[in-house]
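Undergrad: got a sequence here, can you model it:
(one chain, ligands or ions: 1)
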Amino acid sequence: MADSIREAIRDGAADLRDFVVATRRDIHAHPELGNQETRTPRLIVEAMAGLDLEVKQGVGGTGVVAVLRGAHAGPTLALRADMDALPLQEDDPRPYRSCVPGVMHACGHDGHVAMLLGAARLLHRLRNQLHGNVKFFFQPAEETYGGASEMIADGCLSDDPKVDAVFGLHVEPDGEVGELRLRPGPTMASSDAVRIAVQGVGGHASEPHACIDPVPAAAQIITNLQAMVTRRFDARSPVVVTITYLQAGSAFNVIPPEVIVAGTVRTVDPSVRAKMPLQITEVAEHTAAAFGATAEVAYVHGSGVVMNDAGFTQFVAETVRRNRGDSSVRTLASPIMGAEDFGLYLEQVPGAFAFLGARPSHQQAYPCHHPRFDFDEAALPVGVEILTTVALEYLSDGNRRV
Ligand code: NI
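TA: Numbers count the residues shown, from 1 in each chain. Okay, here's the model as predicted:
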C-alpha cells in the first residue's frame, strides 16, 4: 500500500471521528432488541445516503446490506457489524444513556455499527483504489443467534457480487485501546442449549418409596454431566457444560412428577460438538434409569465455532502491523468460550473475526453484558482505520487472494 493511501486512511479515520462517536451515542441512546431493529436500520440507511452504494433493506428480517463497487474488477470482501442490543437495564448516568427501559447496548454493537458506517464513508472516498467490491453487512439479532443464518438464507453471501471473504470486529472492554487481537482457527466457542426433562412419579414427601422421585435423579444427572466433561472428553480441547436452569416442585411436602434441567454447552472443536447430543443423552437416560426415572433430552444447536481461516488471519495481522506498527496486533492466546453467530459466515467463506481493545479510561472495565458496560470511544476511529485498511489491502491491485 502506497504511503499516500496509508495517510489518506489515517487522516480520513481521524476526520470521521466526530461522526462515528455521534453515531455510536445516537444508537446507544436508542437500543433495539434482536429482530426488532427498525430505527437502527433507518439510521444506517440515512447515514449512507448520498454515497454511491447499492443498499438493500430487510435482509434476513431487519438487516441492511450495502454494496460498494470498486473502480476495478476483483473479488468481494464483506465487512460485518451486528446491531442488536440486550434485554438489560442500563446502570450508567451518562448523558446518552439508553432511553428504552430494560434495553441496553451492553456488548458494543452500537460501536460496531458506527465503525462500519465510518468505514463505508472512507472506502467510498477511496473507491478508485478498489480492485473489487466491499459488501457491508449490518446484521440483526446476533444476541439471539438468528441474525447471521437469516442473512445468509436471504442471500447476503451468494447474491451478486458473491462474497469471497468476510471480516468482522468486536470491541473488547479489557484490551489496550486500539490493539487488535486475533488467532487462527477456533476463536469463539459453539453455543448449544440442552433441556432435560426428568420424569418420575410424584406423591407425598413422607413416602418416597411409594414414588419415583425425579429430584435426586436430576441432581445426579447434573453432577454426572460434569464428570462426563472431564472423563469423556480430551482435556486439550475445552468443553463447558453449565446447568443454569432447574425447575422442580412447588411445595416442601410434595414430590414432583417432573424436574426440568437446562443449560448451555460450549466447545471449540466441531467434532467434539458433534458428540455432545449423544453423550449427554446417555448420561441423562442412564442416570435417570438408576433411580427408576426416565429422562428426555432436547438438544438445540445454536451457533457454531467461530473458526478463523489461517491464511486470512495472517493476512489481517500482517496488514495491520504494516500500517499501525508491530505492537498494534497481538495473538489471542486461546479461544473465548463466549459465542458469536459470525461463525456461520466462516462456514461458507474464509475470513476472520477479531477483537479491538477499547478499555475505558474513565471507569473500570466491566465485561460485555454488564449494566455498566462501556468502552473507550478512542477505539472507534482505529476500528474504522482497520476495517478500511484490510479492505483496501484485500482489494489491492493484483487481487491479493489469501
Ligand atoms: Ni457482542
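Undergrad: who are the packing partners of the lengthiest helix in the chain?
TA: Taking DSSP state H as the criterion, the chain has its longest helix at helix 270-290. For helix 270-290, the elements it packs on are strand 190-199, helix 214-232, strand 258-267, strand 294-303, judged by 3 or more C-beta pairs under 8 Å, 6 or more residues apart in numbering; DSSP states H and E. (Glycine included, C-beta is placed from N, CA and C.)
Undergrad: let's see it at 10 Å
TA: Counting contacts by 3 or more C-beta pairs under 10 Å, 6 or more residues apart in numbering; DSSP states H and E, helix 270-290 is packed against strand 190-199, helix 214-232, strand 239-247, strand 258-267, strand 294-303.
Undergrad: tabulate these (CSV), appending mean pLDDT, mean neighbour count and distance to Pro140.
TA: CSV is the format used below for these (pLDDT from 0 to 100; neighbours: other C-beta atoms under 10 Å; distance: least, C-beta to C-beta, whole Å):
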stretch, mean pLDDT, mean neighbour count, distance to Pro140
strand 190-199, 97, 22, 18
helix 214-232, 98, 18, 33
strand 239-247, 97, 15, 25
strand 258-267, 98, 21, 22
strand 294-303, 96, 16, 14
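Undergrad: out of the ones you listed, which is closest to Ala13?
TA: strand 294-303 (30.6 Å; C-beta to C-beta).
Undergrad: so which other helices or strands are in contact with whichever helix or strand comes after that closest one?
TA: Reading on from strand 294-303 to the C-terminus, the next helix or strand found by DSSP states H and E is strand 306-308. Secondary-structure packing of strand 306-308 (3+ C-beta pairs under 10 Å, 6+ apart): strand 165-172, strand 185-188, helix 342-348, strand 351-357.
Undergrad: any chance of those in TSV, plus distance to Glu377?
TA: Output for the helices and strands packed on strand 306-308, formatted as TSV (distance: least, C-beta to C-beta, whole Å):
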stretch	distance to Glu377
strand 165-172	10
strand 185-188	24
helix 342-348	23
strand 351-357	12
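Undergrad: indicate which one of the ones you listed is closest to His369.
TA: Nearest to His369 among these is strand 165-172 (12.7 Å), distances taken as C-beta to C-beta.
Undergrad: okay, the closest one in CSV with CA atoms only?
TA: Output in CSV follows, covering the C-alpha atoms of strand 165-172 (Å, rounded to 0.1, in the frame of the first residue of the first chain):
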residue,chain,number,x,y,z
ALA,A,165,-14.1,-13.4,2.3
VAL,A,166,-15.6,-11.9,5.4
PHE,A,167,-14.1,-9.8,8.2
GLY,A,168,-15.6,-8.6,11.5
LEU,A,169,-14.6,-6.7,14.6
HIS,A,170,-15.8,-6.8,18.2
VAL,A,171,-14.8,-4.3,20.8
GLU,A,172,-13.1,-5.7,23.8
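Undergrad: now the most centrally placed residue in the chain. Nearest residue, chain neighbours left out?
TA: Most central in the chain under C-alpha atoms, centre = their mean is Glu340, positioned 2.9 Å from the mean C-alpha point. Among residues not flanking Glu340 along the chain, Met188 sits closest, at 4.8 Å (C-beta to C-beta, 6 or more residues apart in numbering).
Undergrad: same deal with Glu385?
TA: Closest to Glu385 by C-beta to C-beta, 6+ apart is Ala13, at 4.1 Å.
Undergrad: residues in contact with that neighbour?
TA: By C-beta atoms under 10 Å, 6 or more residues apart in numbering, the residues touching Ala13 are 20, 115, 118-119, 121-122, 380-389.
Undergrad: any weak-confidence spans in the chain?
TA: 398-402 (pLDDT under 70).
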